[in-house]
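*Asks:* build me a model:
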Amino acid sequence: MNKPRQRRKSGAMRAMVGVVVVALLLAGALTGAWFYLAGQLDRKIVEVVDRAAGGGTTIVCDGRRVFGYPFRMGLACDGVAVQAPASGVDASAGAFRAVAQIYDPNLIVSELTGPVRIAAPNVPAVELAYALAQSSTHLSDGRLQRFSLAVDQPVLTLGGGGQPLANSARLEVHARQNGDDLDLALSDAGVIVTPPGLGPLPPFDFGLDMAVTGGAEWLRGVLPGGRLETALRGRSGQLRAIRVNLDGGGAAEIAGPFSFSPEGLLSGDFHIALEDPRAIADLVGRIAPAAGGVANAIAGGIGFAGRQENGRSVIDVQVRNGRAQLGFIPLGEIPPL
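*Replies:* Alright, predicted model coming up:
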């Protein structure tokens with residue numbers, strides 16, 4: 001009478017033992033794979049540091065360690081620094097953490113503790129403090145395909161402390177490969193700029209959306225000249241929108257195709273929509289005095305040459321090799337990059 005029941009118990013026990021054995025084997029395989037990948041990651045980091053050192057650049061990752069077992073793979077540093085004597089750039093920041101899920105290694109989320117301090121030749125040293133800075137990186141076939149950065153409450157100060165040069169509520173930067181082209185978007189909310197020796201300018205929100213023809217290589221670290229201004233020379237693209245909205249009233253939106261000559265001179269056909277043109281011209285003139293003349297000329301010309309669209313004054317401006325004009329009327333010159 002009890003034999004069938006005993007056989008059932010024996011079968012259940014064997015099944016349970018089998019499940020435990022399989023679980024242990026899987027756990028062992030996962031553990032082995034994790035530590036193998038951790039070792040590979042650590043060796044790759046050493047290779048990158050050594051390669052940079054061979055070119056004269058020192059990369060420091062204090063307290064380097066790999067973490068995240070069992071389902072994540074991450075790198076942590078207690079402090080980071082980059083010193084490039086050839087270019088004279090010296091940068092440092094606080095703790096750094098980057099992590100990816102082991103089942104989705106192509107999505108990497110990073111976090112950097114501030115402040116970030118940067119010193120370079122011929123420009124004042126700067127310090128960027130913030131509440132939180134996070135980024136996400138999407139890879140495809142080992143290459144960077146998309147990148148996003150979000151910074152909460154950034155404060156930019158010239159070296160040596162003192163009054164902030166600029167601060168805002170939240171800064172976001174997004175870059176995405178689009179075939180051979182590069183899509184770029186930037187937004188900065190609640191921006192307050194305080195030029196040295198002057199009072200703060202009216203708060204404003206800023207947005208940028210553009211495409212750079214052939215710029216996808218920038219995501220792979222190929223930035224000609226090592227600076228955005230230099231990389232844009234000889235390039236063309238589409239400015240989908242530059243938007244500025246003043247907190248106390250006044251707004252501007254600029255869109256149109258653009259190109260830069262090898263000397264950095266701008267050409268393009270731009271559609272400009274304005275609310276309170278004088279307020280916008282005053283802001284531009286105080287932030288970028290070299291472009292103030294063109295901004296004031298546009299504000300003055302929109303009254304007789306502009307048209308109304310959706311409650312805004314609209315004007316079309318042509319720029320050829322840095323010379324801006326409204327039809328046949330010259331508006332001034334835009335400095336090269």
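
*Asks:* which strand or helix spans residue 292?
*Replies:* Under the criterion of DSSP states H and E, residue 292 resides in helix 292-305.

*Asks:* that helix packs against which elements?
*Replies:* Helices and strands touching helix 292-305, by 3 or more C-beta pairs under 8 Å, 6 or more residues apart in numbering; DSSP states H and E, are strand 266-275, helix 277-287, strand 312-320, strand 323-326, strand 329-333. In this view, the C-beta of every residue, glycine as well, is placed from N, C-alpha and C.

*Asks:* mean confidence score for that helix?
*Replies:* The pLDDT scores in helix 292-305 average 77.

*Asks:* name the strands paired with the next helix or strand after that helix and say parallel or antiparallel.
*Replies:* Beyond helix 292-305 in the direction of the C-terminus, DSSP H and E gives the next helix or strand as strand 307-309. Each strand paired with strand 307-309, and its direction, by DSSP bridges: strand 312-320 (antiparallel).

*Asks:* coming back round to it: closest to residue 170 out of the helices and strands packed on helix 292-305?
*Replies:* With C-beta to C-beta as the criterion, residue 170 lies closest to helix 277-287 of the helices and strands packed on helix 292-305, at 19.5 Å.

*Asks:* what helices or strands is that closest one leaning on?
*Replies:* Helix 277-287 sits against strand 236-246, helix 292-305, with contacts defined as 3+ C-beta pairs under 8 Å, 6+ apart.

*Asks:* redo that, cut-off 10 Å
*Replies:* With contacts defined as 3 or more C-beta pairs under 10 Å, 6 or more residues apart in numbering; DSSP states H and E, helix 277-287 has these neighbours: strand 181-193, strand 204-212, strand 236-246, strand 251-260, strand 266-275, helix 292-305, strand 312-320.

*Asks:* direction included, what does the fourth one pair against?
*Replies:* So the one you mean is strand 251-260. Strand 251-260 has these strand partners (DSSP bridges): strand 236-246 (antiparallel), strand 266-275 (antiparallel).

*Asks:* could you check the angle helix 292-305 makes with the last one?
*Replies:* To tie it back to what came earlier, the one meant is strand 266-275. With axes from the mean of the first three to the mean of the last three C-alpha atoms, to 10 degrees applied, the angle from strand 266-275 to helix 292-305 works out at 60 degrees.

*Asks:* so strand 266-275 versus helix 277-287, what angle?
*Replies:* For strand 266-275 against helix 277-287, the angle by the same axes, to 10 degrees is 130 degrees.

*Asks:* and residue 48, how many residues sit next to it?
*Replies:* 12 (other C-beta atoms under 10 Å).

*Asks:* how far does stretch 136-155 sit from the chain's center?
*Replies:* Averaged C-alpha coordinates place stretch 136-155 at 7 Å from its chain's average position (C-alpha atoms, centre = their mean, to the nearest Å).

*Asks:* with respect to residue 321, which of the strands paired with strand 251-260 lies nearest?
*Replies:* That would be strand 266-275 among the strands paired with strand 251-260, by C-beta to C-beta, at 6.0 Å.

*Asks:* which of the residues in the closest one are buried?
*Replies:* Residues of strand 266-275 classed as buried: 266-268, 270, 272-275 (neighbour count, 16 or more other C-beta atoms under 10 Å).

*Asks:* make TSV out of these and add distance to residue 214 and pLDDT.
*Replies:* Below are these laid out as TSV (distance: C-beta to C-beta, whole Å; pLDDT from 0 to 100):
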residue	distance to residue 214	pLDDT
266	18	96
267	17	97
268	17	96
270	21	96
272	26	91
273	29	91
274	32	89
275	35	88
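
*Asks:* got the contact list for the residue nearest to the spatial centre of the chain?
*Replies:* Nearest residue to the geometric centre of the chain (C-alpha atoms, centre = their mean): residue 173, 3.8 Å. Contact partners of residue 173, counting by C-beta atoms under 10 Å, 6 or more residues apart in numbering, are 135, 147-151, 184-188, 208.

*Asks:* for residue 157, what are its contacts?
*Replies:* 115, 117, 125-129, 163-167, 194.

*Asks:* repeat the analysis, applying 6 Å as the threshold.
*Replies:* 127, 164 (C-beta atoms under 6 Å, 6 or more residues apart in numbering).

*Asks:* what is the neighbour count of residue 317?
*Replies:* For residue 317, using other C-beta under 10 Å, the count is 22.

*Asks:* nearest spatial neighbour of it, skipping sequence neighbours?
*Replies:* Sequence neighbours aside, residue 270 is the residue nearest to residue 317 in space, at 5.0 Å (criterion: C-beta to C-beta, 6 or more residues apart in numbering).

*Asks:* isn't that neighbour right up against residue 316?
*Replies:* No - using C-beta atoms under 6 Å as the test, residue 270 is too far from residue 316 to be in contact (7.2 Å).

*Asks:* which residue packs closest to residue 94, ignoring adjacent ones?
*Replies:* residue 113 (3.3 Å).

*Asks:* isn't the one you found up against residue 96?
*Replies:* No - look at residue 113 against residue 96 with C-beta under 6 Å: they stay out of range, at 7.4 Å.

*Asks:* need the strands for the stretch 1-150 of the chain, in chain order.
*Replies:* Assigned strands in the stretch 1-150 of the chain, in chain order: 58-62, 65-67, 72-77, 79-84, 89-93, 96-101, 104-112, 116-120, 123-129, 132-140, 143-152 (criterion: DSSP state E, counting those that start in this stretch).

*Asks:* cheers, nothing more for now.
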